[in-house]
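Trainee: Sharing a model that was predicted from the sequence below.
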Amino acid sequence: MNDHPGKSPDHLTINVTHRDDPVFEVTQADAFASVRKYPNIVVRGPLFGLAAQGRGERPRWRLLGELDTGFPQMARDELNSHLWFKAKDDTEDRVVRRSLLKAVARLEKDPVNEVTADGVRYRIVRADEFARIGDSRLEPPRATDPDEDGWDLDAPDPSRTKGFVVDHAAAVGLAEGIDRAGLLQLSYTADRFPDDVRADSQRALTTHPGVVLLPTTFRVVERKELSWSMVTGQYATPQGARRALVHHLTRPVPQLPDLPDMPELPAWMKVDEKEQAIHDRAAKKFMARRRPNELIVRGRRYEVVRVERVMRIGPDGPEKPRPSDTDDYGPSQIHPLMDEEGNITYSS
């Protein structure tokens, strides 16, 4: 039986297109070559963030941040702050401010995953982070990934995730279309995942049968004998991750002010000067290379790897946190009280 006569719903549509564009052709060829070289995937786990759906005849969900937190409550706190500052800075309308603050009050008390304020739906959304692997090596950045060459360690990292429109039916190239089709049945099956996590993952294949790939990010990992451990957070470009590795090697302890009453640092926080000199030399050699993706220091192997995120989509949009997605803490008041006039009450 055809459950969807005529046009398929957007959350089930993968719209593949072709562009007569040399850059598009090279990017597609690079993607196909990479998938052949790194044919398998390793799932790290879920990440959480914020999305908003505005008004309109066919409104799309749009990501409001980086989608890089490891717990749903961290994303709820992020939403709490987003709405509180909108009420403080973005409106003089008492009705609008009242609506925003009502949503804030609810987020302070209950672990809710969706609120509506001023006619906009806000949702806590999840995605699974994964990397491709082949011959026991995680995939490095591709030649066609957006990149740059600066080494300013204090340069801000650009964002390709914030503002991303979650549109399952948007046209994509053949390589991404094939990737998404291959991810449709992705679920947690390994024994290392608890039973409830595996059950929720299997259930999501039915409740949220579509998938969207979010903008690629990059991390530095340390390769060990049988595993990898994360060294840095996610970055929008490979160079951002490379700078983070140099920062990790050359700035291991925050610079503390030189005050007369400053207590002595504990032993575990002190830097071994000889060890630091080795790290500084390694970082200097690393920076002398153009777009390096690997560094070995004192037997420790650091790699810049390409990380992807897949978001499941259902009839009502992006997937929310699952019952088995756990939190270390619950909701709380994180900003001072504000009234509909914009007056803020600071507790004494």
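Mentor: Yep, that arrived.
Trainee: can you map out the helices along this protein?
Mentor: 22-37, 72-89, 94-109, 174-183, 195-207, 238-250, 273-288 (DSSP state H).
Trainee: what bits of the protein have low per-residue confidence?
Mentor: 1-8, 57-58, 252-271, 348 (pLDDT under 70).
Trainee: Could you pull out the strands in it for me?
Mentor: Using DSSP state E, the strands of the chain run over 40-53, 61-63, 114-117, 120-134, 137-138, 165-166, 210-213, 217-223, 228-230, 294-297, 300-314, 317-318, 337-338, 344-345.
Trainee: next one: the third one to chain centre, how far?
Mentor: Centroid displacement of strand 114-117 relative to its chain, using C-alpha atoms, centre = their mean, to the nearest Å, is 22 Å.
Trainee: what are the pairing partners of that strand, and which direction each?
Mentor: Under the criterion DSSP bridges, strand 114-117 sits next to strand 120-134 (antiparallel) in its sheet.
Trainee: In the partner strand, which residues are buried?
Mentor: For strand 120-134, a neighbour-count test (16 or more other C-beta atoms under 10 Å) marks 120-133 as buried. Just so you know, the C-beta spots here come from the backbone N, C-alpha and C atoms, and that holds for glycine as well.
Trainee: Compile those residues into a markdown table and extend it with columns for distance to residue 181.
Mentor: Converted to a markdown table, the buried residues of strand 120-134 look like this (distance: C-beta to C-beta, whole Å):
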| residue | distance to residue 181 |
| --- | --- |
| 120 | 32 |
| 121 | 29 |
| 122 | 30 |
| 123 | 25 |
| 124 | 27 |
| 125 | 22 |
| 126 | 21 |
| 127 | 18 |
| 128 | 16 |
| 129 | 20 |
| 130 | 16 |
| 131 | 19 |
| 132 | 16 |
| 133 | 20 |
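Trainee: before we move on, back to that, please identify the most buried of the strands of the chain.
Mentor: Of all those, strand 317-318 carries the top mean neighbour count, a mean of 24, counting by mean count of other C-beta atoms under 10 Å.
Trainee: ok, what's across the strand from residue 310?
Mentor: residue 128, residue 213.
Trainee: right, and it touches residue 186 too?
Mentor: Yes. Here residue 310 reaches residue 186: they are 6.7 Å apart, a contact under C-beta atoms under 8 Å.
Trainee: overlap in contacts of the two?
Mentor: Shared contacts of residue 310 and residue 186, defined by C-beta atoms under 8 Å, 6 or more residues apart in numbering, comprise 128, 130, 211.
Trainee: Quick check: the second one vs residue 42, distance?
Mentor: Distance, residue 130 to residue 42, using C-beta to C-beta, to the nearest Å: 6 Å.
Trainee: What of the last one?
Mentor: Distance from residue 211 to residue 42, counting by C-beta to C-beta: 17 Å.
Trainee: Same question for residue 121.
Mentor: From residue 121 to residue 42 the distance is 33 Å (C-beta to C-beta).
Trainee: With residue 92 instead?
Mentor: Residue 92 is 50 Å from residue 42, by C-beta to C-beta.
Trainee: Identify the residues contacting the closest residue to residue 59 other than its chain neighbours.
Mentor: In this structure, residue 59 finds its nearest non-sequential neighbour in residue 53, 5.1 Å apart by C-beta to C-beta, 6 or more residues apart in numbering. Contacts of residue 53 were listed using C-beta under 8 Å, 6+ apart, and they are 59, 60, 61, 62, 120, 121, 123, 317.
Trainee: for the last one, what are its contacts?
Mentor: Pointing back at residue 317 there. Residue 317 neighbours (C-beta under 8 Å, 6+ apart): 11, 51, 53, 61, 123, 166.
Trainee: can you do 10 Å?
Mentor: Contacts for residue 317 (C-beta atoms under 10 Å, 6 or more residues apart in numbering) come out as 10-11, 51, 53, 59-61, 114, 121, 123, 125, 166, 168, 208, 210, 311.
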